[in-house]
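Chemist: Generate a structure from the sequence data that follows.
(2 chains)
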Amino acid sequence: MGLSSKDLTGLKDLSPEDIGLILETAAGFKDVLGRDIKKVPALRGKTTVTLFYEPSTRTRTSFELAAKRLSTDVINISVSTSSVVKGETLIDTARNVEALGADFIIVRHSSSGIAQFLAKKLKASVINAGDGTNEHPTQALLDLFTIQEKKGRLNGLKVAIVGDILHSRVAKSNIYGLTRLGAEVRLIGPPTLVPGCLKDLGVRIFYDMDKGLQGADIVMMLRIQTERQGKGFFPSAEEYFRNWGLTTARLAAADPDALVMHPGPMNRGVEIASDVADGGRSVILEQVTNGLAVRMAVLYLLSGTKQ
Amino acid sequence: MTILIKNAELTDPSQKMDGLCSILIEDGKIKEITSERSAGKGQKTREKQPQELTVIDAEGRPVIPGLVDMHVHLREPGFEYKETIRTGTEAAVRGGITTVCCMPNTRPVIDNASITSFILSKAAQEGSCSVYPIGAITKGQKGEELAELSILHEAGCIAFSDDGRPVMDSLLMRRALEYSKILEVPLISHCEDLALAAGGVMNEGLTSVMLGLRGIPPQAEEIIVARDIALAELTGARLHIAHVSTAGSVGIIRAAKKRGITDITAETCPHYFHITEEAARDYNTFAKVNPPLRTRKDIEAIREGLQDGTIDVIATDHAPHHLDEKSGDFDSAPSGISGLETSLGLSMKLVDDGVLDMAGLVGKMALTPARILGLFSKNKKGSLKPGFDADLVILDTASEYTVDPALFRSKGVNTPFEGWKLRARAAITLSNGRIHTWT
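Modeler: Below is the predicted model:
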């Protein structure tokens, strides 16, 4: 049992069958995580390397823990401690890591296309943990898993993704995955951050959040990267929150059973009000738990692909 | 040294020739062209030739004037690891190009007489063809103050450009255009609104969004095309617009020419009439070029522009880079395509596609650029009339070949055209009467 590729670089080209297999396998691993002994010997003797060129807390920790739960050895390399500071090129670093016997290389980088680039050059399985503004496939997979688990289906659901779509690799991966599995995707945000050409992918675009949220089954909030405010995508955090911040009042437009999601880290009071983030419809922490199961599934299935 | 080329199927838009010709070359100049029909007379002439006569039988193959490429990055001095004057000119003659105009973004920049002289003397010593430097418009290409245009001109610069680093300050561009009128040379504008381009790395659209790459909208080019045409109108100076890549630019230039602004000319490059942004899928850094590859609609407009005369010139924008620089991620790879050795074959496809006839193509690749740069009248380039430099190409159009960058003479193997099947290439190139052949 395995995926059709040795790598997971994105959802852009991942078949519905592969997505389904990952979600199904993740459900099994979620059971494991509920047991007293949370570790399985499935990948004992394998080596996982996380190669992070951008800061990350939850994604790296989640991958590390997922790899450990599957009994692989894990090595973490982050940019400040590696020889990247000596000018070693990315591919040389990756080849060295591979020469040390890595079976899985989990990479995060600020440049789009890096995972695909490494996947082409390496025999090891490359897993994209976020590349530039391109994709963050495991985040989208855990989002799909969470929706599926809570709603029992994806087909026909109205999913509103709100915020900085342009720069969000999470949004991109979710758009590909959700549309492929039959969900109705709506993108909501300021026109400066929601490229109109995405309509060609079969999604609907709303600049008016109240309209966009009408009857939504899922409200997926994105982090506003406050460092980008200076670039004039919108005038101020205050104005942003007024127009596109998720509040209890605004959430009323959505379906009464709508779920609130966020990939984290949250800016409370910028894109989401605290009472919503911590409220009854929020599944934000469950997303984190599910992330572990999904990443275990990805590692496990990629290992199967190679045999 | 005397050379006689027999049985040449000559296409030279500067003169009317019927049927097969003989071309007599003496001391690097065209001496005489005779029609093979008047063979009796020609025969006599030939019998009189001295013994060191070299006879080349063109066997009825097409012969054209050597191409004049007005947009080339030779990289020397400063970036010899990417290209040198020696390798760049070897690549040029392999590609049927016998006149190379080199852009000033070397290190140091061509903004003073000594760099200009260095390039000219290096080209004279090591070059395979004629080289004419293009000087910087502003000192250090910094866009702050005018370079010494007339001193540069005297040293041998034949035009001026801040290629790759467009002059953003409209007042400075106005002054440059006005001042350049004393020299009767064109300013060559790389049209890009840097603020609007915002560090983009490919064309803006669904493809760039889906690749997660920052896009450059076509308007970043068109705004400056419109600005510079307006400034040319204001100043009455000569403006040449480099590497046109968008349908919008073609429209703006066409409208300006229709309005009667005659002192503007424009060029495009083979990649802008053959391939689209789709070539950058899979993050192919060889398809990263500035201005970026656009869309099918833009290709169609550029072909129309070539056909109706809106676009006057086909240049290469030959931009060789080291493979190491192009072997990483898309964002950090430098922009540029190595074009000298594919330009002729790619451009001949325009003849196959009925966009241009043979004379029209030669006009855009030899005669017109030579005229724009004053090389036709002053330096005897771009034509095979008697007295002109013996720069010509005997074409091999009989057999299809596959583009293989491993065979390039250029150090730059960065081409998105690897594997393309082309029909035309140089069988023999003569530059200043020197014979170049390859096996």
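Chemist: Please, which helix or strand holds residue B:9?
Modeler: Take DSSP states H and E as the rule and residue B:9 turns out to sit in strand B:2-10.
Chemist: What are the buried residues along that strand?
Modeler: Residues B:2, B:3, B:4, B:5, B:6, B:8, B:9, B:10 are the ones in strand B:2-10 that count as buried (16 or more other CB atoms under 10 Å in any protein chain shown). All C-beta atoms are positioned from the backbone trio N, CA, C, and that covers glycine.
Chemist: Which members of those define the maximum pairwise distance?
Modeler: With distances taken as CB to CB, the most widely separated pair in the buried residues of strand B:2-10 is B:2 and B:9, at 21.8 Å.
Chemist: So which residues on the stretch 151-300 of chain A come close to chain B?
Modeler: Contact residues of the stretch 151-300 of chain A with respect to chain B, defined by CB under 8 Å from any CB of the partner chain, are listed as A:166, A:169, A:172, A:195, A:197, A:198, A:200, A:201.
Chemist: how about stretch A:156-176 as CSV, C-alpha atoms only?
Modeler: Provided in CSV are the C-alpha atoms of stretch A:156-176 (Å, rounded to 0.1, in the frame of the first residue of the first chain):
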residue,chain,number,x,y,z
GLY,A,156,-20.9,19.6,-1.4
LEU,A,157,-19.7,21.4,1.7
LYS,A,158,-19.4,25.2,1.5
VAL,A,159,-16.0,26.1,2.7
ALA,A,160,-15.0,29.8,3.1
ILE,A,161,-11.3,30.6,3.3
VAL,A,162,-10.8,34.0,4.6
GLY,A,163,-7.7,36.3,4.5
ASP,A,164,-4.4,36.5,2.6
ILE,A,165,-5.0,34.0,-0.1
LEU,A,166,-2.2,35.4,-2.3
HIS,A,167,0.6,34.7,0.1
SER,A,168,-0.9,31.6,1.8
ARG,A,169,0.5,28.2,0.9
VAL,A,170,-2.1,26.8,3.3
ALA,A,171,-4.9,28.3,1.2
LYS,A,172,-3.4,27.1,-2.1
SER,A,173,-3.1,23.5,-0.9
ASN,A,174,-6.6,23.7,0.5
ILE,A,175,-8.1,25.1,-2.7
TYR,A,176,-6.6,22.2,-4.7
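Chemist: average pLDDT across that stretch?
Modeler: Stretch A:156-176 shows an average pLDDT of 97 in the prediction.
Chemist: what's the answer for stretch B:15-33, then?
Modeler: 93.
Chemist: Could you do stretch A:48-68 as well?
Modeler: In the prediction, stretch A:48-68 has an average pLDDT of 93.
Chemist: Count the residues that sit near the residue of the stretch 101-250 of chain B found nearest chain A.
Modeler: In the stretch 101-250 of chain B, the residue found nearest to chain A is residue B:212; the distance is 2.9 Å by CB to the nearest CB. Residue crowding around residue B:212 was assessed by other CB atoms under 10 Å in any protein chain shown; the count is 23.
Chemist: who touches the closest residue to it other than its chain neighbours in this structure?
Modeler: Of all residues beyond its chain neighbours, the one nearest residue B:212 is residue A:134 (2.9 Å), with distances taken as CB to CB, 6 or more residues apart in numbering or on different chains. Counting by CB atoms under 8 Å, 6 or more residues apart in numbering or on different chains, residue A:134 makes contact with A:10, A:112, A:113, A:169, A:172, B:211, B:212, B:213.
Chemist: which one is the fourth one nearest to, not counting chain neighbours?
Modeler: Put plainly, it is residue A:169. Leaving aside its sequence neighbours, residue A:169 is closest to residue A:136 (4.2 Å, by CB to CB, 6+ apart).
Chemist: can you check the first one too?
Modeler: With CB to CB, 6+ apart as the measure, residue A:135 is the residue that lies nearest to residue A:10, at 3.6 Å, once sequence neighbours are left out.
Chemist: thinking again about what came up before, does the residue nearest to residue A:169 touch residue A:171 like I think?
Modeler: No. With contacts defined as CB atoms under 8 Å, residue A:136 does not count as touching residue A:171, sitting 9.0 Å away.
Chemist: In terms of neighbours, single out the busier of the two.
Modeler: Under the criterion of other CB under 10 Å, the comparison of residue A:136 against residue A:171 puts residue A:171 first, with 29 against 26.
Chemist: Look at that one and give its secondary structure.
Modeler: Counting by DSSP: H, G, I helix; E, B strand; the rest coil, the backbone at residue A:171 sits in helix.
Chemist: quick one: contacts for it?
Modeler: Residues counted as contacts of residue A:171 (CB under 8 Å, 6+ apart) are A:161, A:163, A:164, A:165, A:187, A:222.
Chemist: Just the buried ones from the residues of the stretch 151-300 of chain A next to chain B?
Modeler: A:166, A:169, A:172, A:195, A:198.
Chemist: so the third one touches residue A:133, yeah?
Modeler: When you say that, I think you mean residue A:172. Yes. Using CB under 8 Å as the test, residue A:172 is close enough to residue A:133 to be in contact (7.4 Å).
Chemist: Residue 4 - nearest residue in space that isn't next to it in sequence?
Modeler: This is for chain A. residue A:18 (5.8 Å).
Chemist: other chain: chain B
Modeler: Leaving aside its sequence neighbours, residue B:4 sits nearest to residue B:55 (CB to CB, 6+ apart; 4.9 Å).
Chemist: ok and the helix or strand harbouring that neighbour relative to strand B:2-10, angle-wise?
Modeler: Under the criterion DSSP H and E, the helix or strand holding residue B:55 is strand B:53-57. For strand B:53-57 against strand B:2-10, the angle between stretch directions is 20 degrees (axes from the mean of the first three to the mean of the last three CA atoms, to 10 degrees).
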